[in-house]
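A.B. asks: Fold the stuff below for me.
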Amino acid sequence: MTAVSAPRPGWELLAGQVNQRRYEALRAYLYEGASLQQAAGRAGYTRAALASLVRDLRAGKLTVFAPPGVPGRKSAPKKDAARARVIELRRDGLPVYEISTRLTGEGTPLGRTAISDILREEGFGRLLRGPAPEASTSPATTGRDTRLPAAAVTDFAALPARARTTMAGLLLAIPDLVALDLPALAAAAGYPGSKAIPATGYLLALLALKLTATRRVSHVDDLLTDPAPALFAGLSILPKKTALTDYSYRLSHDHQLRFLAALDKQMIAAGLAAAGEAIFDLDFHAVMHWGHDPALEKHYVPTRSQRARSVLTFFAQDTGTHNLVYANADLTKATQNREVIAFCDHWKAVSGSDPAMLIMDQKVTTQAILGELDGRGVKFATLRMRSPSLVKRINSLAASDYKTVLLNRSGPYRRPKVHEDPAVKLTSYPGTVRQLIVTGLGRDAPTVIITNDTGITTKALIGHYARRMTIEQRLAEIIQAFCADALSSAVNLNVDLDIVLCVLAQALTAAFRLRLPGNYAHATPDTLQRRFLDTPGEIISTDGGITVKINRRAYSPVLRHASLPADTSVPWWGGRQLHFEFA
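C.D. replies: Next comes the predicted model:
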């Protein structure tokens, strides 16, 4: 028999707890075969007290171990108060939308998600029903008929002379779409259309969901009856969520690559990406899946601080303009390390040459692939993992081994201290790299930067990597504004298309921001959505074209002085003129 070691520190804290005493006494009597008197004496109980515990345990009245906790709120008073009424209305055959409408009318409003949770908890399945004589209404837009007509190309003769809209500002993005020539981009990508809806109609319908502050996770129906999104897409009404989902899965990864190649050429021509400097920040982002049993690999999700089933996406950002130029969601663990090579191939096809420099963290690729980049003449700057031997090396450095570098940036971290090794051998890298050990960048531990660029100055190299730290913040802004994390959305899109649409939406907001005066040069996408793209107004249709009146007075001075063309020819409207007026 193995000898029992002495108890470790902290055992006395556990041994003194009531539930521990109960467990030890019950285990001795029920499992080890000790008598009631023996088991009670070990735990400090009387024989009668232990007999009572055994009786309560067998009767199910005693809980020795607390049940595991459930993350989130422990109570939901509104759901609990409406539970009986929700069950009653479902037994009457009402769907979730009508139940929500009834509860709102009765003074106890409850959202569709909460009602669905109650029905699932009570064991109700999905309600299967045929066409009803009276259509349901959405509680978000009271009185709206959900039996809407099928989407089709806009018939300008049938447009009303005047129509109010809550999203007139969405049409402000059309001049930038014209400049990028979206129809040509869709044709270059080979995006298919249908008999009723051209490819640009589908793309613009999905783009409208991203450019407005409407969360796609809520419902695409929130935009269906507004005339501005439909006019933006060149359709009589936006396609419904099923049509959008089906269309996204008709597209392959090759479609997205061709679209990005055509888009990047237009961005270079418009000054939204720098072809000459060609320095890019690279990073991964894991889009977490919130469903059940997905056939997905596990990746580390920073927002959850854990590994979870998710879709791994890859982004490349131009360091000069801070605009996204590449994205990919067609990744697996087996292929993710070579995505930097795929991006180099993409950029060479677009611009005619490889990127000048790639800036990334240590998890983007491997040392062997860094060797491939060096063989292609691509410069890189990345972090090195702090192995025990490297940590020992860092700890052995004295203060005199560092020199101070002054960076061209504001804030407290503009004078880092650097120790440089000109030639360091790595385990799997075919050659040597230049290594910088940097302190004073706002991190607790020193930052170790390695690069194959021997010509760049220490100050410039640290400055490049310091700016690279902003890509995580910018990705977070894009993900929030364009709903890139909505894998549980009512519009279940192919994630590869969804991520590419984020690149297009970010390019449009960047181009729009350049035309605004004042303090909007660095505005985030969600700020532009709230301040401009979601502004209400009026759409006036005449034989000469379309006039959009933006009537939010608080923002009109900015728009009036912005570089906005008074008249814009819209190619997907058959050459019609679009005119803006700011009240």
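A.B. asks: drop to CA atoms for contacts and neighbour counts, all remaining ones
C.D. replies: Will do.
A.B. asks: Show the contacting residues for the closest residue to residue 507 other than its chain neighbours.
C.D. replies: Using CA to CA, 6 or more residues apart in numbering and skipping the chain neighbours, the partner closest in space to residue 507 is residue 323 (6.6 Å). With contact set as CA atoms under 8 Å, 6 or more residues apart in numbering, residue 323 has these partners: 272, 273, 317, 506, 507, 510.
A.B. asks: Could you measure from residue 323 over to residue 282?
C.D. replies: 12 Å (CA to CA, to the nearest Å).
A.B. asks: shared neighbours, those two?
C.D. replies: With CA under 8 Å, 6+ apart, residue 323 and residue 282 have common neighbours residue 317.
A.B. asks: coming back round to it: for the contacts of residue 323, which one is nearest residue 75?
C.D. replies: Lowest distance from residue 75 to the contacts of residue 323 (CA to CA) belongs to residue 506, with 39.5 Å.
A.B. asks: pretty sure the closest one contacts residue 324?
C.D. replies: Yes: using CA atoms under 8 Å, residue 506 is in contact with residue 324, at 7.1 Å.
A.B. asks: Just want to know which of the two has more residues nearby.
C.D. replies: Shown here are residue 506 and residue 324; by other CA atoms under 10 Å, residue 324 has more neighbours (29 against 22).
A.B. asks: Name the helix or strand for the nearest residue to that one once chain neighbours are set aside, please.
C.D. replies: In this structure, residue 324 finds its nearest non-sequential neighbour in residue 317, 4.3 Å apart by CA to CA, 6+ apart. Using DSSP states H and E, residue 317 sits within strand 306-318.
A.B. asks: which residues are contacting the helix or strand following that strand?
C.D. replies: Sequence order places strand 324-328 as the next helix or strand after strand 306-318, per DSSP H and E. With contact meaning CA under 8 Å, 6+ apart, strand 324-328 is reached by 260, 264, 273, 313-318, 343, 496, 499-500, 503, 506-507.
A.B. asks: let's see 7 Å
C.D. replies: 260, 264, 313, 314, 315, 316, 317, 318, 496, 499, 500, 503 (CA atoms under 7 Å, 6 or more residues apart in numbering).
A.B. asks: quick one: low-confidence parts of the stretch 451-583 of the chain?
C.D. replies: 469, 488, 490, 552-556 (pLDDT under 70).
A.B. asks: quick one, strands of it?
C.D. replies: 537-542, 545-550, 567-570, 576-582 (DSSP state E, counting those that start in this stretch).
A.B. asks: could these be laid out in CSV, adding mean neighbour count and distance to residue 531?
C.D. replies: Listed next are the strands of the stretch 451-583 of the chain as CSV, based on neighbours: other CA atoms under 10 Å; distance: least, CA to CA, whole Å:
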stretch, mean neighbour count, distance to residue 531
strand 537-542, 19, 13
strand 545-550, 21, 12
strand 567-570, 17, 22
strand 576-582, 18, 14
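A.B. asks: can you pull out the helices in the stretch 251-400 of the chain?
C.D. replies: With DSSP state H, counting those that start in this stretch as the criterion, the stretch 251-400 of the chain has helices at 253-270, 339-351, 367-376, 388-395.
A.B. asks: buried set for the last one?
C.D. replies: By neighbour count on 16 or more other CA atoms under 10 Å, the buried set for helix 388-395 is residue 394.
A.B. asks: which other helices and strands contact the very next helix or strand once past that helix?
C.D. replies: Using DSSP H and E, the helix or strand that follows helix 388-395 in sequence is strand 403-404. Judged by 3 or more CA pairs under 7 Å, 6 or more residues apart in numbering; DSSP states H and E, strand 403-404 is in contact with strand 417-425.
A.B. asks: Next, report how far the strand it packs on is displaced from the centre of its chain.
C.D. replies: The chain centroid and the centroid of strand 417-425 are separated by 37 Å under CA atoms, centre = their mean, to the nearest Å.
A.B. asks: strand partners of it, parallel vs antiparallel please.
C.D. replies: Paired neighbours of strand 417-425 in the sheet (DSSP bridges): strand 403-404 (antiparallel), strand 432-439 (antiparallel).
A.B. asks: Tell me which of the ones you listed sits most buried.
C.D. replies: strand 432-439 (a mean of 20; mean count of other CA atoms under 10 Å).
A.B. asks: what's the average pLDDT for that strand?
C.D. replies: Taken as a whole, strand 432-439 has a mean pLDDT of 92.
A.B. asks: and it with helix 367-376, angle?
C.D. replies: Angle between the axes of strand 432-439 and helix 367-376 is 120 degrees (criterion: axes from the mean of the first three to the mean of the last three CA atoms, to 10 degrees).
A.B. asks: Just the angle for strand 432-439 relative to helix 388-395, thanks.
C.D. replies: With the same axes, to 10 degrees defining the directions, strand 432-439 sits at 50 degrees from helix 388-395.
A.B. asks: got a list of contacts for strand 432-439?
C.D. replies: Here strand 432-439 has contacts from 416-426, 446-452, 454, using CA under 7 Å, 6+ apart.
A.B. asks: and the closest residue to residue 485 other than its chain neighbours, how many neighbours?
C.D. replies: Once flanking residues are discounted, residue 485 sits nearest to residue 287: 5.4 Å by CA to CA, 6+ apart. A total of 23 residues lie near residue 287 under the criterion other CA under 10 Å.
A.B. asks: got the contact list for residue 287?
C.D. replies: Taking CA under 7 Å, 6+ apart, we find residue 287 in contact with 310, 311, 312, 485.
A.B. asks: Tell me how far residue 301 lies from residue 285.
C.D. replies: Applying CA to CA to residue 301 and residue 285 gives a distance of 8 Å.
A.B. asks: So for the helix or strand where residue 120 lies, what gets flagged as buried?
C.D. replies: Assigned by DSSP H and E, residue 120 falls within helix 112-121. By 16+ other CA under 10 Å, the buried positions in helix 112-121 come out as 112, 114, 115, 116, 118, 119.
A.B. asks: what pLDDT does the fourth one get?
C.D. replies: The model reports residue 116 with a pLDDT of 87.
A.B. asks: neighbours of the residue lying closest to it once chain neighbours are set aside, just the number please.
C.D. replies: Closest residue in space to residue 116, ignoring its immediate chain neighbours: residue 96 at 6.9 Å, by CA to CA, 6+ apart. Residues lying near residue 96 (other CA under 10 Å) number 24.
A.B. asks: Kindly report the same for the one 5 residues further on.
C.D. replies: Neighbour count for residue 101, taken as other CA under 10 Å: 23.
A.B. asks: got a list of what residue 235 touches?
C.D. replies: Residues near residue 235 by CA under 7 Å, 6+ apart: 151, 152, 153, 154, 201.
A.B. asks: would you list those in JSON lines and tack on distance to residue 557 and neighbour count?
C.D. replies: Formatted as JSON lines, the contacts of residue 235 follow (distance: CA to CA, whole Å; neighbours: other CA atoms under 10 Å):
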{"residue": "151", "distance to residue 557": "36", "neighbour count": "18"}
{"residue": "152", "distance to residue 557": "36", "neighbour count": "18"}
{"residue": "153", "distance to residue 557": "34", "neighbour count": "19"}
{"residue": "154", "distance to residue 557": "32", "neighbour count": "17"}
{"residue": "201", "distance to residue 557": "32", "neighbour count": "26"}
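A.B. asks: I'd like the residues you listed as TSV, with pLDDT, secondary structure and distance to residue 353 appended.
C.D. replies: Shown next, in TSV, are these (pLDDT from 0 to 100; DSSP: H, G, I helix; E, B strand; the rest coil; distance: CA to CA, whole Å):
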residue	pLDDT	secondary structure	distance to residue 353
151	88	coil	43
152	89	coil	43
153	91	strand	41
154	89	coil	42
201	94	helix	34
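A.B. asks: tell me the mean pLDDT over stretch 362-381?
C.D. replies: Across stretch 362-381, the average pLDDT comes to 92.
A.B. asks: Mind listing what's buried along that stretch?
C.D. replies: Quick answer for stretch 362-381 (16+ other CA under 10 Å): 364, 365, 367, 369, 370, 371, 373, 374, 378, 379, 380, 381.
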